[in-house]
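> Coordinates only, no sequence provided:
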C-alpha cells in the first residue's frame, strides 16, 4: 500500500483482477490497474457519445448547456479533489466518476422511461445496470473478448454506487453470475465519493443551467436558506460585480461548502466507526462518506427546489414527453422492421425473446439525442421536436 493512501483506500496491487487475463506482453506504459481502467473508459466510444446525450435540457442548441460528457468531467474533478483530501485512490475514483453515466440512453431519464415501458415484458430496463452491460459486453475494442475488461473494483463501484443492491436488474445479474460483484455489501469508499460528487455537481451546475435558460430565476433560489446565506456572502464580497458573475461565484461557493463539509464529516465518521481497512468499509452498516446532518438537510432542500422549479417545469416536462415518444416510436419500428438497423447490428439480431428485445434496447440506448432524432425523421417522419433552450 502506498504511503500516500489511507489504510482503507483501494490499493491497485490488491485488486481482485479482471474477468479476462491478457498476457503481460499487452502492457502499454507504466500504469497500474486503475489508471488503465480510467484510460480505457476515456477512449471508449460510449464515453465519447456522452457529448451528445442529455443532462437536463434535451438536444440543446446552445453549446453552453451541460451534457452528460461535461457533467461527467465535472463530477470527476470534484470526486478527485475529495479522494485526495481523504487519501483515497484518486485514479479509481476518477474512473468511477467518468463512467457513472455511460448507461444513459438518449434524452436522459425521458428516454429511460420509454425503454422501461417497452421492456416491461422482457425484464425491464435500468440505466445503471446498462452501464455494466455497456462496459462488459457492448463495447468491444479488443480481439480476445467483449467489453473493456475493467477491474473488479471499477465494476463493483459502478454497480453499487448507491449502496448495496437488493433488487438486481437482469443486465447486472447476467454479469454477476460470471464475475460476482459482492452486491450485498457496501462499495469501496472511492465509489461512495463518486456518488456524492455526482450529487454535488448536478445540484449546483443545474442551477447555473436553469438560470441560463430563464426557467429558474434568482428569487427561486433564495427560497432555499443555504443558497440565500451563500448569496449574501457573495454580495458582500463582490458588491459591484455584474449579477452573472455573482451567480458563478455563488455556484463555486456552494460547491466548495458542500465539498468541505463532506470531507470534514466523512473524516469524523471514519474515525468514529474505527474504519481501518477495505474490509471494514465492505461490512459497515451504513455509508461512510456523507454530509453532516445540517448539510444533508440543506442539500435535500436544494434538490426539492430544483425538482419543483426546474425538472418539473412545464417546458422541460413538455420536451421530455416528446423525447419519450420519440424513443418509444424508435423501439417499435426496430422491433417491427429490424432490417432498418445498421447491417452489423442486424446481422447479430437474436431470434428468441427476451434477448431480441434487449438487443434492440441496446441499440437505442447507444444513440445520442441527435442520432435518435435523425433516425426518427428518417424512419417515421419529421417531428416538431424543438428543444427551445
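Yes, it's here. The structure presented is a predicted model; accordingly, all values stated were derived computationally and were not measured. Numbering: from 1, shown residues only.
> residue furthest from the geometric center of this structure?
In the chain, the residue that sits farthest from the middle, by Cα atoms, centre = their mean, is residue 240; the gap is 37.6 Å.
> Can you tell me how far that one is from residue 246?
10 Å (Cβ to Cβ, to the nearest Å). Every residue, glycine included, has its C-beta placed from N, CA and C.
> Buried ones in the longest helix along the chain, by neighbour count?
Criterion DSSP state H: the longest helix present in the chain is helix 243-272. Using 16 or more other Cβ atoms under 10 Å as the test for burial, helix 243-272 gives 246-247, 249-251, 253-255, 257-259, 261-263, 265-266, 269-270.
> Kindly report the same for stretch 71-83.
Neighbour count says stretch 71-83 has 71-72, 74-76, 78-83 buried, by 16+ other Cβ under 10 Å.
> what's the closest non-adjacent residue to residue 31?
Closest residue in space to residue 31, ignoring its immediate chain neighbours: residue 39 at 6.9 Å, by Cβ to Cβ, 6 or more residues apart in numbering.
> let me fix that: residue 48
residue 69 (7.8 Å).
> Centroid-nearest residue for this structure?
With distances taken as Cα atoms, centre = their mean, residue 101 lies nearest the centre of the chain, 2.8 Å away.
> Surely that one is in contact with residue 68?
Yes: counting by Cβ atoms under 8 Å, residue 68 is a contact partner of residue 101 at 4.9 Å.
> Quickly list what's touching both of these two.
Shared contacts of residue 101 and residue 68 (Cβ atoms under 8 Å, 6 or more residues apart in numbering): 50, 53.
> How about the secondary structure of residue 161?
Classification of residue 161 using DSSP: H, G, I helix; E, B strand; the rest coil returns coil.
> That one: neighbouring residues, count only.
Residue 161 has 22 neighbours, counted by other Cβ atoms under 10 Å.
> Which residues are in contact with residue 244?
Listed by Cβ under 8 Å, 6+ apart, residue 244 has no contact partners.
> ok, now how distant is it from residue 35?
Per Cβ to Cβ, residue 244 is found 38 Å from residue 35.
> what's the answer for residue 273, then?
From residue 273 across to residue 35, the span is 29 Å (Cβ to Cβ).
> quick one, which of the two is more surrounded?
Applying other Cβ under 10 Å to residue 273 and residue 35 shows that residue 35 carries more neighbours, namely 18 against 14.
> separation between the more buried one and residue 53?
When residue 35 is compared with residue 53 (using Cβ to Cβ), they lie 26 Å apart.
> got it, and residue 224?
From residue 224 over to residue 53 (counting by Cβ to Cβ), the distance is 28 Å.
> more neighbours, those two?
Using other Cβ under 10 Å, the more surrounded residue of residue 224 and residue 53 is residue 53, with 29 against 21.
> What residues does the more buried one make contact with?
Per Cβ under 8 Å, 6+ apart, neighbours of residue 53: 67-69, 101, 104-106, 108, 368-369.
> go again using 10 Å as the cut-off
By Cβ atoms under 10 Å, 6 or more residues apart in numbering, the residues touching residue 53 are 46, 59, 67-69, 71-72, 101-102, 104-108, 111, 366-372.
> same check, this time on residue 290
The contact partners of residue 290, by Cβ under 10 Å, 6+ apart, come to 192, 196, 261-262, 265-266, 268-269, 296.
> please redo it, this time with the cut-off set to 8 Å
So residue 290 contacts 196, 262, 265-266, 269, 296 (Cβ under 8 Å, 6+ apart).
> which one of the residues you listed is nearest residue 336?
residue 196 (43.2 Å; Cβ to Cβ).
> Which helix or which strand is home to the closest one?
helix 189-213 (DSSP states H and E).
> Narrow the contacts of residue 53 to those that are buried.
Taking 16+ other Cβ under 10 Å as the criterion, what is buried in the contacts of residue 53 is 46, 59, 67-69, 71-72, 101-102, 104-108, 111, 366-369, 372.
> Which of the residues you listed fall within helices?
Per DSSP H, the buried ones among the contacts of residue 53 map to helices at 46, 68-69, 71-72, 108, 111, 369, 372.
> does residue 142 count as helix, strand or coil?
Put simply, residue 142 is coil when judged by three-state DSSP.
> Just give the nearest non-adjacent residue to it, would you?
Closest to residue 142 by Cβ to Cβ, 6+ apart is residue 149, at 6.7 Å.
> Kindly report the same for residue 359.
Leaving aside its chain neighbours, residue 359 sits nearest to residue 350 (5.6 Å; criterion: Cβ to Cβ, 6+ apart).
> related to what we said a few turns ago, can you redo the contacts of residue 290 as a markdown table with distance to residue 220 and pLDDT?
Below are the contacts of residue 290 laid out as a markdown table (distance: Cβ to Cβ, whole Å; pLDDT from 0 to 100):
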| residue | distance to residue 220 | pLDDT |
| --- | --- | --- |
| 196 | 24 | 98 |
| 262 | 25 | 98 |
| 265 | 28 | 98 |
| 266 | 30 | 98 |
| 269 | 33 | 98 |
| 296 | 21 | 98 |
